[in-house]
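> dropping the sequence and predicted coords here.
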Amino acid sequence: NLCRDPSAVVGGELILGGIDHSHYEGNLTYVPVTRKGYWQFDLDYVTVAGNKLSPNSQAIADTGTSLIVGPSADIDFINQKIGADSNGIVNCSTIDQLPTIGFVLNGKTFNLTPHDCIIQVSIMDCNSV
């Protein structure tokens, strides 16, 4: 079962050697792997608030994490532009005003909106003893 929700009617799907076009819109973009074993590939650059970051870098597609990791100066710049505090926490009431982050691969830009990038978590008051 590939679904994270055990109560879901559809458990998930795994396709090897093919593509199910009903699961996406548009065209696929292929980027050659530059280091086997890590799904590493060339990253032209990252855009945020009109600035180009990490030119001619390498990136890794790690589907096991929800983090964006990079050079400290670039991550600090992104955090400053999205108003993140020193722990990486963003005020959810500002999401609609945050910039889009673009990843440019093989000359094609893949934009992540703030709603794509920010994990919204509610923290409930609790008493600890």
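Looks like it arrived, so ask away.
> quick check: longest helix of the chain.
helix 72-82 (DSSP state H).
> for that helix, give the mean pLDDT please.
Mean per-residue pLDDT for helix 72-82: 92.
> list the buried residues for that helix?
For helix 72-82, the neighbour count (16 or more other C-beta atoms under 10 Å) marks 74, 75, 77, 78, 79, 82 as buried. (Glycine included, C-beta is placed from N, CA and C.)
> would you mind measuring the gap between the ends of stretch 19-37?
End-to-end distance of stretch 19-37 (C-alpha to C-alpha, to the nearest Å): 22 Å.
> quick one on the thing from earlier: closest to residue 106 out of the buried residues of helix 72-82?
Distances from the buried residues of helix 72-82 to residue 106 were compared by C-beta to C-beta; the smallest belongs to residue 74, at 20.1 Å.
> need the per-residue pLDDT for the nearest residue to the closest one once chain neighbours are set aside.
Once flanking residues are discounted, residue 74 sits nearest to residue 53: 4.3 Å by C-beta to C-beta, 6 or more residues apart in numbering. Looking at residue 53, its pLDDT stands at 96.
> quick one on the thing from earlier: the longest helix of the chain packs against which elements?
In terms of contacts (3 or more C-beta pairs under 8 Å, 6 or more residues apart in numbering; DSSP states H and E), helix 72-82 is packed against strand 45-48, strand 51-53.
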